[in-house]
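>>> please work out how this folds:
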Amino acid sequence: MTYSYQIALIVPAAQREAAKRIAEAMGWGPDNYRVPLSDGAYYGLSAVAQPSFVDALAAAGSGTAPEGVDPADLEAVLPVLLSSIEPVGTRAQADQFDALCAQHGLTRSFEPGA
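Numbers count the residues shown, from 1 in each chain. Here you go, the predicted structure:
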């Protein structure tokens, strides 16, 4: 499997369950958005992705729901989704995630590896 992109995604806690359903429907499994930010006000994830995932995410932003994704979940998540998508190897994934957090004034609620 070829992963061309590394992705950092963050959602407010109120949209976390909808975001998890979207990620699961798009093939990422049920346990996503596990990183608590700003004392649980937001949750994030960092992953690698195939071009097809990035294409589906872009199509969703244009109003085309990926197969298996509830359009209501998209309507709840897309307006508040914070994202960073870069080619694999652009920088360390943790640095990408931390930069996205910093850009939006968010902090990890725990230290990685703790």
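>>> next, the buried residues of the lowest-mean-pLDDT helix or strand in the chain.
Sorting the helices and strands of the chain by mean pLDDT, DSSP states H and E puts helix 51-61 at the bottom, at a mean of 89. For helix 51-61, the neighbour count (16 or more other Cβ atoms under 10 Å) marks 53, 56-57, 60 as buried. C-beta here means a position set from N, CA and C on the backbone, and glycine is covered the same way.
>>> ok, of those, which one's closest to Ile10?
Using Cβ to Cβ, Leu57 comes nearest to Ile10 of the buried residues of helix 51-61, at 14.0 Å.
>>> can you tell me how far that closest one is from Asn32?
14 Å (Cβ to Cβ, to the nearest Å).
>>> return the set of buried residues in stretch 32-47.
For stretch 32-47, burial by neighbour count (16+ other Cβ under 10 Å) applies to 32-33, 35-38, 42-47.
>>> give me the contact list for it.
The contact list for stretch 32-47, computed with Cβ atoms under 8 Å, 6 or more residues apart in numbering, reads 6-13, 16, 19-20, 23-24, 28, 82, 93-94, 96-97, 100-101, 106-110.
>>> change it to 6 Å
Stretch 32-47 is contacted by residues 7-10, 12-13, 16, 19-20, 23, 93, 97, 106-107, 109 when judged by Cβ atoms under 6 Å, 6 or more residues apart in numbering.
>>> kindly report the same for stretch 2-19.
Contacts of stretch 2-19 (Cβ under 6 Å, 6+ apart): 33, 40-49, 51, 54, 73, 76-77, 80-86, 88, 93, 96-97, 100.
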